[in-house]
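Peer 1: Okay, sequence plus prediction incoming.
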Amino acid sequence: MSLSNKLDKLFEDSFNDDIEEANVTGGGEAYNTKYAFKAEEEEEDDVVEESLFKSMSKEMYLTEANYPDYKKDESLSQRQKVNKSIKEVNGKLFRIERIIDQNVKLKTESGIDESKYWESTKRNLLKIEGKMKRLAEKLRNF
């Protein structure tokens, strides 16, 4: 018996012909229970589960920046917190620098000049420049 025939036989054996056909149009029957289509989660004492994003954000420390909670957190020492934060900032700045480098290259290759920028882009560039100056001053004081 060929492989194709074996697969066909296996497929046929896995399904029984005893299945009755259902009428999808129905005869206008009504259900006797008012909660026939209620989801199982809703029935279980109205327990609300956290969304996947919320649970993942807790694991990834994407919570709001709240200094008192951050300071009281005993999972890391204060020294570890400072060093870890500096490492995170360095990594994020590396990614920002990569984004800027790629877009400078794209701008140069495509011949886009500043006159083609949107007004909002010009404003955002000025805001970024101001933030970078403030951050440079804070780093000098650090």
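Peer 2: Arrived safely. Numbering: from 1, shown residues only.
Peer 1: Any regions of this structure where pLDDT drops low?
Peer 2: Residues of the chain meeting the criterion pLDDT under 70: 1-48, 52-65.
Peer 1: Show me the helices in it, by range?
Peer 2: Assigned by DSSP state H, the helices in the chain fall at 3-14, 40-43, 52-59, 67-72, 78-110, 119-141.
Peer 1: would TSV of the ones you listed with mean neighbour count be doable?
Peer 2: C-betas here are computed from N, CA, C, even on glycine. As requested, the helices of the chain are exported to TSV (neighbours: other Cβ atoms under 10 Å):
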stretch	mean neighbour count
helix 3-14	9
helix 40-43	9
helix 52-59	10
helix 67-72	9
helix 78-110	10
helix 119-141	10
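Peer 1: Once you drop chain neighbours, what's closest to L76?
Peer 2: K84 (6.7 Å; Cβ to Cβ, 6 or more residues apart in numbering).
Peer 1: For that neighbour, give its distance to G91.
Peer 2: 11 Å (Cβ to Cβ, to the nearest Å).
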